[in-house]
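kindly generate the corresponding structure for this input.
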Amino acid sequence: MTDPAFHTNVALTPYTTLALPGQAEFLCKVASEQDLDAALAFARDNSLPITLLAGGSNTLINGSVSGLLILIAMRGKWVLEEDESSVTLRVAAGECWHALVEDCLRQGWYGLENLALIPGSVGAAPVQNIGAYGVELAALLREVEVVYLDSGRRGTLSAADCELGYRDSIFKRGLRGKVVITAIVIRLRKDPCPNLEYPELARAVSHLENPSPRDLFEAVCGLRRSKLPDPQVLPNAGSFFKNPVLDRETAQHLLTLFPDIPRYPQRGGEIKFPAAWLIERAGWKGLRRGSVGVHERQALVLVHYGGGSGASLLALADAIAEDVRERYGVSLEMEPVVVGHGH
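Predicted coordinates for the structure are as follows:
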């Protein structure tokens, strides 16, 4: 088996959904664990820092990227266990998330339908603990397979080891920059049990007497398409800010000042507030600053009209976050990972 090709000074615009300019010092595409071993060896032998990239839907390129950028392109799905009520799947990190959701639905394996049309790769799913319309990956995840970047050692983390929270995991904290995810293991049901906890989704299928998982899938796709721009038409990274989760005291203060703000109580007594509401009320929705702006239909989505840079998008994000902090006393946290070191 041949080693992966190592390319130099590669333009990065095509590799992320924000389509921002940048350049990788070295880039290689890994389609197998053998390719990954060779890439890690190349980085060690040449003392190169490593950056990981897969679907590029949650990455903001900010100028040049030093060292080796590894594109994760591993493919494959395997049934590990199956019985009358459930199936356990191992899925390679480079698979497209939405394609996985569609394929499982075709097979009669249920549980992923609320997570339809989320952009990106399977390997990125546990990093963010992706969630939508009342379902989070945490409910379905069993294991995550990793390779440690410094040694090439393989390891397996249980779902509990991953420390999954709201848009959060150990991969964003203790293991950040230390491992590459190569596969995940999920367990799905064979009995249709649609999750209609999310009010907007329940309304979307309220005309159906007994909505099926396929009905939910179609409704979720429709809702997402109505609110979020297609990155291939208008480059974006989906939701740019996390919804802030506030302790009870801070939340009550905010509700006293703004009693009409929507709120979502959490299990631990904290309250989650929609960042889109805060940004829109602050007057940013639809605002454009040259080559970047805030989407006209969804205040949570920052867009790149072309000809912009990572620095210009970060400047817009900083201005929005500062305005929200001054108006509401609430700190917004960016979702996309920033890669590169400016110009």
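
going by C-alpha atoms from here, please, whenever you check contacts or count neighbours.
Will do.

tell me which element the closest residue to Leu53 other than its chain neighbours falls in.
Closest residue in space to Leu53, ignoring its immediate chain neighbours: Leu71 at 4.9 Å, by CA to CA, 6 or more residues apart in numbering. Assigned by DSSP states H and E, Leu71 belongs to strand 59-72.

buried set for the helix or strand just after that strand?
Per DSSP H and E, the first helix or strand lying C-terminal to strand 59-72 is strand 77-82. Within strand 77-82, no residue qualifies as buried by neighbour count (16 or more other CA atoms under 10 Å).

next secondary structure element downstream of strand 77-82?
In N-to-C order, the element after strand 77-82 by DSSP H and E is strand 86-92.

that following strand packs against which elements?
strand 77-82, strand 179-189 (3 or more CA pairs under 8 Å, 6 or more residues apart in numbering; DSSP states H and E).

including mean pLDDT, could the ones you listed go into JSON lines?
Output for the helices and strands packed on strand 86-92, formatted as JSON lines (pLDDT from 0 to 100):
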{"stretch": "strand 77-82", "mean pLDDT": "98"}
{"stretch": "strand 179-189", "mean pLDDT": "98"}
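
dump the ones you listed to TSV, plus distance to Arg90.
Listed next are these as TSV, based on distance: least, CA to CA, whole Å:
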stretch	distance to Arg90
strand 77-82	5
strand 179-189	4
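
what is the neighbour count of Ala5?
By other CA atoms under 10 Å, 14 other residues sit near Ala5.

contacts only, for it.
28-29 (CA atoms under 8 Å, 6 or more residues apart in numbering).

which of the three states applies to it?
Look at Ala5: counting by DSSP: H, G, I helix; E, B strand; the rest coil, its state is coil.

swap in Ser206?
coil.

dump the residue contacts of it.
Contacts for Ser206 (CA under 8 Å, 6+ apart) come out as none.

could I get the pLDDT score of it?
Note for Ser206: predicted pLDDT of 95.

and it, how far is that from Leu196?
As for Ser206, its distance to Leu196 is 10 Å (criterion: CA to CA, to the nearest Å).

then Leu287?
The value you get for Leu287 to Leu196, if CA to CA is used, is 34 Å.

and those two? Which one has more around it.
Legend: neighbour count by other CA under 10 Å for Leu287 and Leu196, higher for Leu196 (19 against 15).

so that one is in which element?
Counting by DSSP H and E, no helix or strand carries Leu196.

check contacts around it.
134, 202.

okay, it: pLDDT?
The predicted local confidence for Leu196 is 94.

and Ser47, how many residues sit next to it?
Count around Ser47 with other CA under 10 Å applied: 11.

ah, wrong one, I meant Asn62
Neighbour tally, Asn62, other CA under 10 Å: 22.

is it true that it touches Val338?
Yes - at 6.6 Å, Asn62 counts as touching Val338 under the criterion of CA atoms under 8 Å.

where does the prediction get shaky in the stretch 201-343 of the chain?
Within the stretch 201-343 of the chain, the stretches with pLDDT under 70 are 343.

isn't Ser331 right up against Pro244?
Yes - counting by CA under 8 Å, Pro244 is a contact partner of Ser331 at 7.3 Å.

quick one: contacts of the host helix or strand of Ile320?
Secondary structure from DSSP H and E places Ile320 in helix 310-328. The contact list for helix 310-328, computed with CA under 8 Å, 6+ apart, reads 20-21, 60-63, 254, 278-279, 282, 284, 289, 291-293, 302, 304, 330-332, 342.

with stretch 26-40 instead?
The contact list for stretch 26-40 (CA under 8 Å, 6+ apart) reads 3-10, 66-75, 149-150, 152, 182.

can you select the buried ones among the residues you listed for me in PyMOL?
Selection of buried members from these for PyMOL, criterion 16+ other CA under 10 Å:
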select buried, resi 4+10+66+67+68+69+70+71+72+73+74+75+149+152+182
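
do you have the helices of the chain handy? List them.
33-45, 97-107, 125-128, 199-204, 213-227, 248-257, 275-281, 310-328 (DSSP state H).

roughly how far is the third one from the heart of the chain?
Its chain's average C-alpha position is 6 Å from that of helix 125-128, according to CA atoms, centre = their mean, to the nearest Å.
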